[in-house]
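# how would this look folded up:
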Amino acid sequence: MYVCLCEGVTDGQIREAIYEGCCSYREVRTSLGVGTQCGKCACLAKQVVRETLSEVQSSQSALAYSASFVAA
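Presented below is the predicted three-dimensional model:
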């Protein structure tokens, strides 16, 4: 779905930016230009960033737990 019509940025592009290393809304905004024109998309863009960062952190935590085992 399009998040920023002014720059033509989708939620998928925002998620991809996070997966490629962006760690904040500010970094996503700099990278993709989202929220730099009229600003109407800023709330939704921030929400997508927060949700994606949360998903990434959860998946990293799950990997850390599943990889920590003790051989008997």
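# elements contacting the least confident helix or strand in the chain by mean pLDDT?
Of all the helices and strands that make up the chain, helix 42-67 has the lowest average by mean pLDDT, DSSP states H and E, namely a mean of 87. Other elements packing on helix 42-67 under the criterion 3 or more CB pairs under 8 Å, 6 or more residues apart in numbering; DSSP states H and E are strand 2-4, helix 11-19, helix 25-32. All C-beta atoms are positioned from the backbone trio N, CA, C, and that covers glycine.
# to residue 56, which of the ones you listed lies closest?
In terms of CB to CB, the element of the helices and strands packed on helix 42-67 nearest to residue 56 is helix 11-19, at 6.4 Å.
# need the contact partners of the closest one.
1, 3, 27-28, 31-32, 34, 45, 48-49, 52-53, 56 (CB atoms under 8 Å, 6 or more residues apart in numbering).
# from those, which two are the most distant?
1 and 27 (21.1 Å).
# so between the two, which is more surrounded?
residue 27 (14 against 7; other CB atoms under 10 Å).
# which residue sits closest to the more buried one, ignoring its sequence neighbours?
In space, not counting the residues next to it along the chain, residue 27 is nearest to residue 17; the distance is 7.6 Å by CB to CB, 6 or more residues apart in numbering.
# compute the number of surrounding residues for that neighbour.
Neighbour number of residue 17 under other CB under 10 Å is 22.
# end-to-end on stretch 31-48?
15 Å (CA to CA, to the nearest Å).
# what comes up buried for it?
Neighbour counts over stretch 31-48 (16 or more other CB atoms under 10 Å) mark 31, 32, 34, 35, 41, 42, 44, 45, 46, 48 as buried.
# I'd guessed the second one sits against residue 9; true?
Yes. In this structure residue 32 lies within contact range of residue 9 using CB atoms under 8 Å: 5.0 Å.
# how big is the angle separating the least confident helix or strand of the chain from helix 25-32?
Here helix 42-67 points in a direction 110 degrees away from that of helix 25-32 (axes from the mean of the first three to the mean of the last three CA atoms, to 10 degrees).
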